[in-house]
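**Student:** Below: sequence and its predicted model.
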Amino acid sequence: MTASSYNKSVGDLNDTIDKLIDRLSSIEPSSLEQLEQWRETSYRSIDDYCKHKRHELIEKKQIQQQKQLDHLRTQVNQLIDRHDNKKEHYDIINHDLQLSEIKINELEHLRLTLHPLSIDEHLIVRRRRIFPLSHSYRTIHLKAGLESAIGTNDQHLLVDREGKHLCLLDQNLTIIKEIPFTHDGIHGICWSSTIHRFIIITFKEILLLDEKTMSLEICPIPSKKDWWRGTCSNQSLFLSTVEWEWHTPITCGKDEIICDLKYNNGYLAIPIYNKHKDESRFELRSITTFDNIWSVRTHGRCRCCSIDIDQWLVMDHDDCRFFHISADGKLLETDKYDEHERLEDIIPWNNDDIVVLTKKNIHLHKFG
């Protein structure tokens, strides 16, 4: 390279740097407008709250005392008009006046206890780009049963192997404990932080597993129905049954089935599959009323899990496709899973990982 061409190449690099610096200094993503709108809405919420408290603590009592004083004035004027000088009448009104004065004194010297307004760091978070899902950074070959599921707590992952063993894995996907499993196939697993047990849903039984002792206990929930999926909040266990005919369709219509059931932050996520239309919808419902908050169309028989606090990841079993759905029921992204294996279940693990259970393997992925 000649001196002149070298100088030109170096100059081009400097030009590129200058252009990037200009771009960097002028960045104003549309999310800044969202942030400003959120700030203004938050200020209005604080203003509304303060107005409400001012009315509740002061203005409401001023109105009450004003009415009381007006009433007492009317009584005094009536005494004057009637030339009523009975001492007991005077004493009653004077007593009421003294009470009013005490209440006014209390109001004048009102003291409040104000708790600092704490800001949760998770109020505003960067929406991570989920797809394309990163390559799995850990994998363990572990053949699933005919129907299978996974469950996690902070430290461990629970899964069945070939429908014959229960395996407890650490975050390196190393099997640290294993016991024989002689019950029906597993259709759902969830962790209860209240009772510190894994809850295992099979057709006829609900089982509790102590991860420390790996002892199984049958939960006394009798039913003539076949259990299918389950999830739990801190207070409640939610279960669905496997059937196509619904006599009182609260959630499903005829020829529909609940494919999964996941709890998060006061809501139940329910993918529902229609076998005649060969399509699904993903619903979010209140756990107190079962009212439908929103619904979004997906495809095929699906499992789901919550991600990023209040968003959702939905997985199509047969099409090996993921759907990323926002907290308000908008389809954000969709993508194929590139491991070329039938998908069985998905679940987040702590803040940064997602576990994908396939027919033959467990894959651990990092969120983007």
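**Tutor:** Perfect, thanks for sending it.
**Student:** CA only for contacts and neighbour counts going forward, please
**Tutor:** Noted.
**Student:** What helix or strand is Glu147 located in?
**Tutor:** Per DSSP states H and E: Glu147 is located in neither a helix nor a strand.
**Student:** how far away is it from Ser280?
**Tutor:** From Glu147 across to Ser280, the span is 19 Å (CA to CA, to the nearest Å).
**Student:** what does His83 give?
**Tutor:** 85 Å.
**Student:** Just want to know which of those two has more residues nearby.
**Tutor:** Relative neighbour count places Ser280 above the other of His83 and Ser280, with 23 against 9, counting by other CA atoms under 10 Å.
**Student:** and that one, what does it touch?
**Tutor:** For Ser280, the contact set (CA atoms under 8 Å, 6 or more residues apart in numbering) comprises 271-274, 297-302.
**Student:** How about Trp228?
**Tutor:** 187-188, 201-203, 239-242 are the contacts of Trp228 under CA under 8 Å, 6+ apart.
**Student:** quick one: which helix or strand includes Asp47?
**Tutor:** Per DSSP H and E: Asp47 is located in helix 31-54.
**Student:** correction: Gln65
**Tutor:** Short version, using DSSP H and E: Gln65 is in helix 60-82.
**Student:** With Leu268 instead?
**Tutor:** Secondary-structure element containing Leu268, defined by DSSP H and E: strand 267-274.
**Student:** CA atoms only: put the following helix or strand past that strand into PDB for me.
**Tutor:** Using DSSP H and E, the helix or strand that directly follows strand 267-274 along the chain is strand 279-286. Output in PDB follows, covering the C-alpha atoms of strand 279-286 (Å, rounded to 0.1, in the frame of the first residue of the first chain):
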ATOM      1  CA  GLU A 279     -56.200 -23.900  15.700                       C
ATOM      2  CA  SER A 280     -55.600 -22.400  19.100                       C
ATOM      3  CA  ARG A 281     -56.100 -19.300  21.000                       C
ATOM      4  CA  PHE A 282     -54.100 -18.000  23.900                       C
ATOM      5  CA  GLU A 283     -56.200 -16.500  26.700                       C
ATOM      6  CA  LEU A 284     -55.300 -14.500  29.800                       C
ATOM      7  CA  ARG A 285     -57.900 -14.700  32.600                       C
ATOM      8  CA  SER A 286     -58.300 -13.300  36.100                       C
END
